[in-house]
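# Predicted model and sequence below, questions to follow.
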Amino acid sequence: SFYALERLFLLREKGMAFEKGSQKQRVGFPFLPWQNRQRPGLLAKIRRWAKNLRCQYRNLLVLGIGGSSLGGRMVVDALSHPYQALQQVGLRIFFEGDNLDPYHYGALLDILDPKETAVLAISKSGTTVETLTALLGVAEWLGEDWKKQVTFVTDPEKGIFRQMARDYGIPAFSIPPSVGGRWSVLSPVGLLIVAALRSDWEELLAGAQSMDTWAARRSISQNPVLFYALLCHEAHKLGYHEAVLMAYSKRLYSFALWYVQLLAESLGKGENRKGLCLPTGRTPIPAIGTTDMHAQTQLHQEGPRNKVITFLEIQDHGREFQIPQVQGIPSEAQNSLAGREMSQILHAALDANGKALWDDGRPSIRIRIPKLTPFHLGELIYFFELTVALEGELLDVNSYDQPGVEGYKKYLKEWLKSGSPKVNQEGGK
């Protein structure tokens, strides 16, 4: 474990992860919190882009999948009005290209005005099937001058999107080559969307910097990253293979979905760095309180003892609703509720859930966030990124690749090239 911790500190300081043999891989996500000091020109460019966007357009349509979509959705859901797409003023943000559902895709284009819509297409390679499919349809929908309404976020040197940016003068921002998609939310992938929201992306980075400072502490009692990662790792060794992230706020449900990809793709590996076949990983399960107390909690409380449940709690929700006493509703139905604030009941429900699990000897962890601001969201993002990176070091797996997705990609590419399927309806060869 000490060796793994030393490797994490080396990763933070030098961005180096060790591969099989003597090969080394640059890992860039630890440098993203410090971009405001290292790349001031980039952040000024983001600021100008967002200002021009808000002046010219009513809608921003984000095209991407996986890390090119989940991080942006998480930021929008956490930091904007929950019904921002219905507001009559201000920029509205929509997401597509994260699936191949033709009905859902067409329905969105039905209600948007192409003249009022800018497009942000995010893909490192530019060949991601879902994103490219969506872009082709959107380009036709926008009309002849579609290139004037599109911005790319892509590789700085290569790929179809970068080539198109050079050929047609389409604005393009770079995803650092050393930053994988699921680690990229603090890069232009997420910062452009934060800036478009008029939210404080500098505070988002400041929050990540704050967590990075905590993560530098060598004492486990003063380092929340080490504490949480070691707890999850030791529980995993005891057979707790499922990780439930239960957010007690609807605004953080997309955060839980973002965490699903981060944990699953980073730790779900078939072999370790030495090349030994040792399938590993923890299965992430998103949940939302109190909704899933009426859906998943039965399983959490009486099902297999293989889950660690992490509760996310916001202490100050930023607004309050006091439950009224209403004439005509029986007093026995409302006496215990009337006069209370809704958030009080939400916190009490979380307490009750945790106590019930404790009574039965089932592990849970509570992470409290003072308020859901850009700063605290930045802290939370970087906390989970570092804990997953540390778990990867403890397991001695490469947390920065995803070779397991190559199988389906191979068959899909074969089908796209030939025009005929290579798999049957049951998914077999």
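Looks like it arrived, so ask away. Numbering: from 1, shown residues only.

# Which helix or strand contains L412?
When elements are defined using DSSP states H and E, L412 is found to belong to helix 406-418.

# how far does that helix sit from the chain's center?
Distance of helix 406-418 from the chain centroid (C-alpha atoms, centre = their mean, to the nearest Å) equals 27 Å.

# Can you dump the C-alpha atoms of that helix in CSV for me?
This file holds the C-alpha atoms of helix 406-418, laid out as CSV (Å, rounded to 0.1, in the frame of the first residue of the first chain):
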residue,chain,number,x,y,z
GLU,A,406,-12.3,-2.8,-28.5
GLY,A,407,-14.3,-6.0,-29.1
TYR,A,408,-17.6,-4.4,-29.9
LYS,A,409,-15.9,-1.6,-31.8
LYS,A,410,-14.3,-4.2,-34.0
TYR,A,411,-17.6,-5.8,-34.9
LEU,A,412,-19.4,-2.5,-35.4
LYS,A,413,-16.6,-1.2,-37.7
GLU,A,414,-16.8,-4.4,-39.7
TRP,A,415,-20.5,-4.0,-40.2
LEU,A,416,-20.2,-0.3,-41.1
LYS,A,417,-17.5,-1.1,-43.7
SER,A,418,-19.3,-4.1,-45.2
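
# and it, what other elements does it pack with?
Packing partners of helix 406-418 (3 or more C-beta pairs under 8 Å, 6 or more residues apart in numbering; DSSP states H and E): none among the helices and strands. All C-beta atoms are positioned from the backbone trio N, CA, C, and that covers glycine.

# Quick one: mean pLDDT for that helix?
Mean pLDDT, computed over helix 406-418, is 91.

# which residues in the chain form strands?
Under the criterion DSSP state E, the chain contains strands at 16-18, 24-26, 59-63, 92-96, 117-122, 150-154, 172-174, 242-247, 269-271, 277-280, 283-288, 307-316, 364-371.

# Any chance of TSV for the ones you listed, columns mean pLDDT?
Formatted as TSV, the entries for these read as follows, by pLDDT from 0 to 100:
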stretch	mean pLDDT
strand 16-18	57
strand 24-26	68
strand 59-63	98
strand 92-96	97
strand 117-122	98
strand 150-154	98
strand 172-174	96
strand 242-247	99
strand 269-271	95
strand 277-280	92
strand 283-288	98
strand 307-316	98
strand 364-371	97
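
# can you put these in TSV and add distance to L192 and mean neighbour count?
What follows is the strands of the chain, written out as TSV (distance: least, C-beta to C-beta, whole Å; neighbours: other C-beta atoms under 10 Å):
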stretch	distance to L192	mean neighbour count
strand 16-18	27	17
strand 24-26	23	12
strand 59-63	9	25
strand 92-96	11	20
strand 117-122	6	25
strand 150-154	7	24
strand 172-174	7	19
strand 242-247	24	24
strand 269-271	31	17
strand 277-280	35	12
strand 283-288	25	20
strand 307-316	25	20
strand 364-371	24	14
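
# For T131, find the nearest of those.
Closest approach to T131 among those is made by strand 59-63 (5.3 Å; C-beta to C-beta).

# any residues touching the closest one, and which ones?
Residues external to strand 59-63 that are found in contact with it (C-beta atoms under 8 Å, 6 or more residues apart in numbering): 53, 69, 72, 91-97, 108, 112-113, 116-122, 131, 134-135, 138, 193, 196.

# And stretch 366-383, by the same measure?
By C-beta under 8 Å, 6+ apart, the surrounding residues in contact with stretch 366-383 are 33, 75, 78-79, 185-186, 194, 199-201, 203-212, 215, 224-225, 228, 249, 251-252, 255, 310-318, 350, 354.

# let's go with 7 Å and repeat that
Surrounding stretch 366-383, the residues in contact under the criterion C-beta atoms under 7 Å, 6 or more residues apart in numbering are 33, 78-79, 185-186, 194, 199-201, 203-208, 210-212, 224-225, 249, 251, 310-316, 318, 354.

# How far away from the center of its chain is the helix ranked longest in the chain?
Of all the elements of type helix in the chain, the one with the most residues (DSSP state H) is helix 374-395. In terms of C-alpha atoms, centre = their mean, the gap separating the centre of helix 374-395 from the centre of its chain is 11 Å.

# just the angle between it and strand 283-288, please?
Regarding helix 374-395 and strand 283-288, their directions subtend 160 degrees when assessed with axes from the mean of the first three to the mean of the last three C-alpha atoms, to 10 degrees.

# Alpha carbons of helix 374-395, as CSV, please.
What follows is helix 374-395, C-alpha atoms only, in CSV (Å, rounded to 0.1, in the frame of the first residue of the first chain):
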residue,chain,number,x,y,z
PRO,A,374,-18.6,25.8,-8.6
PHE,A,375,-15.9,25.7,-5.9
HIS,A,376,-17.4,22.7,-4.0
LEU,A,377,-18.2,20.9,-7.3
GLY,A,378,-14.6,21.3,-8.3
GLU,A,379,-13.5,19.8,-5.0
LEU,A,380,-15.9,16.9,-5.4
ILE,A,381,-14.8,16.2,-9.0
TYR,A,382,-11.2,16.1,-8.2
PHE,A,383,-11.7,14.1,-5.0
PHE,A,384,-13.3,11.2,-6.9
GLU,A,385,-10.8,11.4,-9.7
LEU,A,386,-7.9,11.1,-7.3
THR,A,387,-9.5,8.3,-5.3
VAL,A,388,-10.1,6.2,-8.4
ALA,A,389,-6.5,6.9,-9.5
LEU,A,390,-5.3,5.7,-6.1
GLU,A,391,-7.5,2.6,-6.2
GLY,A,392,-5.9,1.8,-9.6
GLU,A,393,-2.4,2.0,-8.0
LEU,A,394,-3.5,-0.2,-5.1
LEU,A,395,-4.8,-2.7,-7.6
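
# what's the angle between it and strand 307-316?
Relative orientation of helix 374-395 and strand 307-316, computed by the same axes, to 10 degrees: 160 degrees.

# Let me know the average pLDDT across helix 374-395.
96.

# Stretch 356-363 now?
Per-residue pLDDT over stretch 356-363 has a mean of 98.

# One more: stretch 291-298?
Averaged across stretch 291-298, pLDDT comes to 98.

# Quote the end-to-end distance of that stretch.
Taking C-alpha to C-alpha, to the nearest Å as the measure, stretch 291-298 stretches 12 Å from start to finish.
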